[in-house]
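Engineer: Sequence unavailable; structure follows:
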């Protein structure tokens, strides 16, 4: 691992040295003629602008891809939260069953079944919080 990392650092350093050497020895220029205009810039500046524009275009396209997939990411996150709430309700039901509270165990099992089968997360979370509040009031 250390040898591999050292190799890449050394390769990067040598590449940078080579690029700087090429840029310092380069006397070329780029001439763009679009009648009636003439634009003359150094070749090094043209290379820098070209590389930066390619990187900028790449990152803009990645950002657009991220935005395009954002609804699917949100749906999968909501699905994961729903399944987590279902598993929590199922675990609470199992604890209640082990403690001998059959009514609470049955209610938790029904809620877990609804959470696992139903996709309406907001309604089910409200039911879950209402059930928890009801249990807390009955325990007091």
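Structural biologist: Here it is on my side, so go on. Quick caveat, the model's predicted, so the values are computed rather than measured.
Engineer: And the strand or helix carrying residue 50, what does it pack against?
Structural biologist: Taking DSSP states H and E as the definition, one finds residue 50 inside helix 43-99. Packing partners of helix 43-99 (3 or more C-beta pairs under 8 Å, 6 or more residues apart in numbering; DSSP states H and E): strand 29-34, helix 102-117, helix 121-139. (Each C-beta comes from the backbone N, C-alpha and C, glycine too.)
Engineer: Is residue 29 bridged to anything, and to what?
Structural biologist: residue 42 (DSSP bridges).
Engineer: Run a quick check on it versus residue 47, I expect a contact.
Structural biologist: No. Taking contacts as C-beta atoms under 8 Å, residue 29 lies outside contact range of residue 47: 11.6 Å.
Engineer: Neighbour count for these two, which is higher?
Structural biologist: residue 47 (16 against 12; other C-beta atoms under 10 Å).
Engineer: Skipping adjacent residues, who's closest to that one in space?
Structural biologist: In this structure, residue 47 finds its nearest non-sequential neighbour in residue 23, 7.9 Å apart by C-beta to C-beta, 6 or more residues apart in numbering.
Engineer: one step back: the helix holding residue 50 to strand 29-34, inter-axis angle?
Structural biologist: 90 degrees (axes from the mean of the first three to the mean of the last three C-alpha atoms, to 10 degrees).
Engineer: if we can go back for a sec, which of the helices and strands packed on helix 43-99 sits closest to residue 81?
Structural biologist: Nearest of the helices and strands packed on helix 43-99 to residue 81, taken as C-beta to C-beta: helix 121-139 at 6.5 Å.
Engineer: The residue of the chain positioned farthest from its centre and residue 30: what is the separation?
Structural biologist: In the chain, counting by C-alpha atoms, centre = their mean, residue 36 sits farthest out from the average C-alpha position, at 48.8 Å. Residue 36 sits 19 Å away from residue 30, going by C-beta to C-beta, to the nearest Å.
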